[in-house]
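**Q** quick one: sequence plus predicted model below, questions after.
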Amino acid sequence: MTRWYRPLPLIGAEDAVPLAGQKHVRFTQVAGPDGVVSVHDISSEVRDRLTAPRAEVAGLSLDRPRIMGILNVTPDSFSDGGQHNSLDGALARATAMAQDADILDIGGESTRPGADDVDVAEEIQRTAPVIRAIRDAGIATPISIDTRKAAVARAALEAGADMVNDVSAFTYDPELADLVAETDAPVCLMHAKGTPKDMQAAPRYDDVVAEVMDHLAERIDFAMSRGIKRDRIIPDPGIGFGKTGDHNLILLRHLSVLHDLGLPMLLGASRKRFIGTIGGAEDAQARMPGSVSVAMWGVAQGAQILRVHDVAETAQALRLWMAMA
């Protein structure tokens with residue numbers, strides 16, 4: 001039996017209570033240990049976790065969904081590897097994304113299935129100059145550094161980044177937690193089973209939703225034990241990281257359970273393999289329509305941050321979705 005509470009979101013139900021402070025998504029019922037019950041029949045503590053507005057992230061309010069644009073400055077990322085390796089190319093892409101993105105997520109190490117680790121010095125050389133160039137160009141959009149390593153994050157923050165996105169949730173380099181505490185930077189902590197090198201080697205779960213939630217709760221506790229403020233943490237269920245296509249779909253169907261952590265939710269499903277498998281798009285770059293579809297599903301489940309490759313297309317879809325909600 002699960003110990004987690006999952007709000008059942010409704011669109012346009014004005015008599016319902018807001019989900020995580022978001023008026024465009026509300027709910028009247030909750031699925032939990034005792035089955036489906038009214039929101040008024042759960043404890044005030046649980047109700048507060050599910051309904052309270054979330055803290056700002058890098059100066060951005062989370063009363064509406066925010067778009068995090070992906071900029072991989074790597075030769076081997078699964079979707080856009082090699083496209084933005086030059087400083088000029090990366091700056092041009094960042095400039096274009098900044099028209100619609102609320103956050104720019106800069107990564108210098110591929111975490112695609114089967115990827116090898118990148119040397120720290122190499123990862124710094126790939127990312128810090130790009131961040132510095134973005135700031136020198138006058139682009140004020142908040143920047144996230146997508147890294148598992150403390151040294152890389154420190155160089156990025158010194159170059160002008162605002163937050164950290166760690167797909168390992170501090171399991172790769174625990175010292176990264178100390179840096180985040182020291183700098184008071186917001187941090188995304190993602191669930192992953194295994195490492196990028198081996199995570200897709202027959203992943204197994206008895207209950208993928210419960211195991212992801214328990215792991216995220218444990219990593220949040222670890223982060224707080226190292227001095228990170230709870231309201232600086234953004235959990236991510238890790239779609240595609242140590243999960244089969246079926247695991248991904250189960251997590252997406254139950255996505256609103258992440259609100260029981262009482263924190264903002266980041267959803268990163270853009271161009272993942274399961275989208276191509278279901279949607280009939282072998283080439284990762286042809287998965288934009290499916291990626292936008294999943295992103296809008298996430299919005300309907302109350303996700304506050306959408307990490308996407310196709311920024312302009314997602315922004316257009318989101319504007320329409322919000323107008324109809």
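**A** Yep, it's here. Numbering: from 1, shown residues only.
**Q** which strands and helices sit next to the strand ranked longest in the chain?
**A** Secondary structure of the chain per DSSP state E: the longest strand is strand 22-32. Helices and strands touching strand 22-32, by 3 or more Cβ pairs under 8 Å, 6 or more residues apart in numbering; DSSP states H and E, are strand 6-10, strand 17-19, strand 35-38, helix 44-51, helix 288-300. Where C-beta positions appear, they are placed from N, C-alpha and C, glycine not excepted.
**Q** again, 10 Å this time
**A** strand 6-10, strand 17-19, strand 35-38, helix 44-51, helix 288-300, helix 311-324 (3 or more Cβ pairs under 10 Å, 6 or more residues apart in numbering; DSSP states H and E).
**Q** that strand pairs with which strands?
**A** Using DSSP bridges, strand 22-32 pairs in its sheet with strand 6-10 (antiparallel), strand 17-19 (antiparallel), strand 35-38 (antiparallel).
**Q** T183 is nearest to which of these?
**A** strand 17-19 (30.4 Å; Cβ to Cβ).
**Q** now that closest one: average pLDDT?
**A** Averaging pLDDT along strand 17-19 gives 96.
**Q** stretch 142-150 too?
**A** The model assigns stretch 142-150 a mean pLDDT of 98.
**Q** hang on, the earlier thing: next, the angle from the longest strand of the chain to helix 44-51.
**A** 130 degrees (axes from the mean of the first three to the mean of the last three Cα atoms, to 10 degrees).
**Q** what about the helices and strands packed on strand 22-32, which gets the closest to I106?
**A** The nearest among these, by Cβ to Cβ, is helix 311-324 at 13.7 Å.
**Q** contacting residues around the closest one?
**A** 11-12, 24, 64-71, 93, 96-102, 104, 270, 288-289, 291-293, 295-296, 299-300, 306-308, 310 (Cβ atoms under 10 Å, 6 or more residues apart in numbering).
**Q** so what's the residue count around A217?
**A** A217 has 15 neighbours, counted by other Cβ atoms under 10 Å.
**Q** extract the CA atoms of the helix or strand in which V180 is found and return them as CSV.
**A** Counting by DSSP states H and E, the element that carries V180 is helix 175-183. This file holds the C-alpha atoms of helix 175-183, laid out as CSV (Å, rounded to 0.1, in the frame of the first residue of the first chain):
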residue,chain,number,x,y,z
GLU,A,175,30.4,17.5,-2.4
LEU,A,176,28.0,19.2,-4.9
ALA,A,177,25.5,19.3,-2.0
ASP,A,178,27.9,21.3,0.1
LEU,A,179,28.4,23.8,-2.8
VAL,A,180,24.7,24.2,-3.3
ALA,A,181,24.3,24.8,0.5
GLU,A,182,27.2,27.3,0.4
THR,A,183,25.8,29.3,-2.5
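**Q** name the helices or strands packed onto that helix?
**A** helix 150-159, strand 163-166, strand 187-190, helix 208-225.
**Q** looking at those, which is nearest to P264?
**A** strand 187-190 (9.1 Å).
**Q** contact partners for V118?
**A** V118 neighbours (Cβ under 10 Å, 6+ apart): T74, P75, D76, G108, E109, S110, I124, R126, T147, R148, K149, V152.
**Q** that one falls within a helix, correct?
**A** No: checked against DSSP: H, G, I helix; E, B strand; the rest coil, V118 lies outside a helix; its state is coil.
**Q** tell me the pLDDT at it?
**A** Predicted confidence (pLDDT) for V118: 92.
**Q** pretty sure A269 sits in a strand.
**A** No: according to three-state DSSP, A269 belongs to no strand; its state is coil.
**Q** quick one, what contacts it?
**A** Going by Cβ under 10 Å, 6+ apart, A269 touches 237-240, 248, 251-252, 255, 275, 287, 290-291, 293-295, 297-298, 303, 306-308.
**Q** mind checking pLDDT for the residue positioned nearest the centre of the chain?
**A** Centroid check for the chain by Cα atoms, centre = their mean gives L266 as the closest residue, at 3.0 Å. With respect to pLDDT, L266 has a value of 98.
**Q** distance of it from R6?
**A** 18 Å (Cβ to Cβ, to the nearest Å).
**Q** count the residues that sit near D310.
**A** D310, neighbours per other Cβ under 10 Å, totals 24.
**Q** next one: phi and psi at it?
**A** Backbone torsions of D310, given as degrees, to the nearest 10, read phi -90, psi 80.
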